[in-house]
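In: Task: produce atomic coordinates for the following.
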Amino acid sequence: MRLLILGGTIFLGRHLVAAALARGHAVTLVNRGQHNPDLFPDVDKLRGDRTVSLAALAGRQWDAVIDTSGYVPRVVRLAAATLADRVAHYTFISSLSVYADPSRPGVDETSPVGRIDDPTTEEITGESYGPLKALCEQAAEAALPGRTLVIRPGLIVGPYDPTDRFTYWPRRVAQGGEVLAPGRPGYETQIIDARDLAAWTLDMVEARRVGVYNATGPATPLTLGEALATSRAVSGSDATVTWVDEAFLLEQGAQPWTELPLWVPESDPAMAGFNKFSIDRALAAGLTFRPLTDTVSDTLAWDATRDPATPPRAGLTREREAEMLKAWHTQRGEREV
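Out: Okay, here's the model as predicted:
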């Protein structure tokens, strides 16, 4: 298969390229060459800024395209229109953030998506990100009706994750000592290894599947307690986990999802379904998941290769964690940390 990937050098994109090459596909990348330009030296690379022009695609044909880097509808509309007569199939990587109401468990692909007052805005914020992704989906389908696959991932994790939103936990547990964890061990969360997402995306592209699919995991509920216990077992650390009441954390100004990744307060009814999206359709279409031990082990191995001087993009600092643990123990009349 002749496959064009818009992006292809950051996180999910690089896993898609690696998996596609392993399957024997002929891969072309188009990007600005600003991130990891030396990756995949034998791959056909076209340089261009997709926000301005895709002239680099002129005169070329592909069997399919995977768009990993579309965030605003104008840019996706430009790509889809440019490629409408040059590809047979268009895959757009979207997000579960498109949904308007995550207040109930089981949100599926038929649920309403968010809307934005100014659909022409290109300012990406926490409020605009989801609705803009939804408009991007619509732009792709409008340009290639009946030939578009939309995949809505949840939190993508694993090696090369630039966000640290999952990496924080295996790293912190591996460091040992007392680890602050939010809420309770039974808190459910959802993640998907980038390699599992990449492999399944290619399966769907090869089969020319169309329509919309939620894509997160695992197939059965995953608890935060299980994720931390797995991290401890894999790393062999002496970490002990202290579960801190979420009301206390909020009083301390702890930031859900950023300072304490994977967690949003259960006391917030508007987010009651945030980590409980339905993936029945993707499971029926063959989505599978590797063991969590593999994801944790490989994430730790990759993380160990990074520059330790680079500050993480998510998670508590050790100083902030120690302060909150001390305050928590003091409030409970326990020993100081």
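In: Distance-wise, check Pro261 relative to Arg171.
Out: 11 Å (CB to CB, to the nearest Å). (C-beta placed from N, C-alpha, C; glycine too.)
In: Gly24 too?
Out: 35 Å.
In: who has more neighbours, those two?
Out: Shown here are Gly24 and Arg171; by other CB atoms under 10 Å, Arg171 has more neighbours (19 against 7).
In: That one looks like it's in a strand, true?
Out: No - assessed with DSSP: H, G, I helix; E, B strand; the rest coil, Arg171 is helix; it does not lie in a strand.
In: Grab the nearest non-local neighbour of it.
Out: Counting by CB to CB, 6 or more residues apart in numbering, the nearest residue to Arg171 once its immediate chain neighbours are dropped is Asp303, at 5.6 Å.
In: what's the burial count for the one you found?
Out: 18.
In: In contact with it: list those residues for me.
Out: Thr167, Pro170, Arg171 (CB atoms under 8 Å, 6 or more residues apart in numbering).
In: could those go into CSV alongside distance to Ala285 and pLDDT?
Out: CSV is the format used below for the contacts of Asp303 (distance: CB to CB, whole Å; pLDDT from 0 to 100):
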residue, distance to Ala285, pLDDT
Thr167, 28, 98
Pro170, 29, 98
Arg171, 33, 98
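In: could the residues you listed be laid out in CSV, adding distance to Phe92?
Out: As requested, the contacts of Asp303 are exported to CSV (distance: CB to CB, whole Å):
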residue, distance to Phe92
Thr167, 26
Pro170, 30
Arg171, 32
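In: For the stretch 201-337 of the chain, which residues score under the pLDDT cut-off?
Out: 334-337 (pLDDT under 70).
In: Can you tell me which of the contacts of Asp303 lies closest to Asn214?
Out: Checking the contacts of Asp303 against Asn214 with CB to CB, the nearest one is Thr167 at 23.2 Å.
In: how about the nearest residue to the most centrally placed residue in the chain, chain neighbours excluded?
Out: Computing the C-alpha centroid of the chain and ranking residues by CA atoms, centre = their mean puts Ile156 first, at 2.9 Å. In space, and not counting its chain neighbours, Ile156 is closest to Ala194: 5.0 Å by CB to CB, 6+ apart.
In: Are there residues contacting both of Pro261 and Arg171? Which ones?
Out: Common neighbours of Pro261 and Arg171 (CB under 8 Å, 6+ apart) are Gly315.
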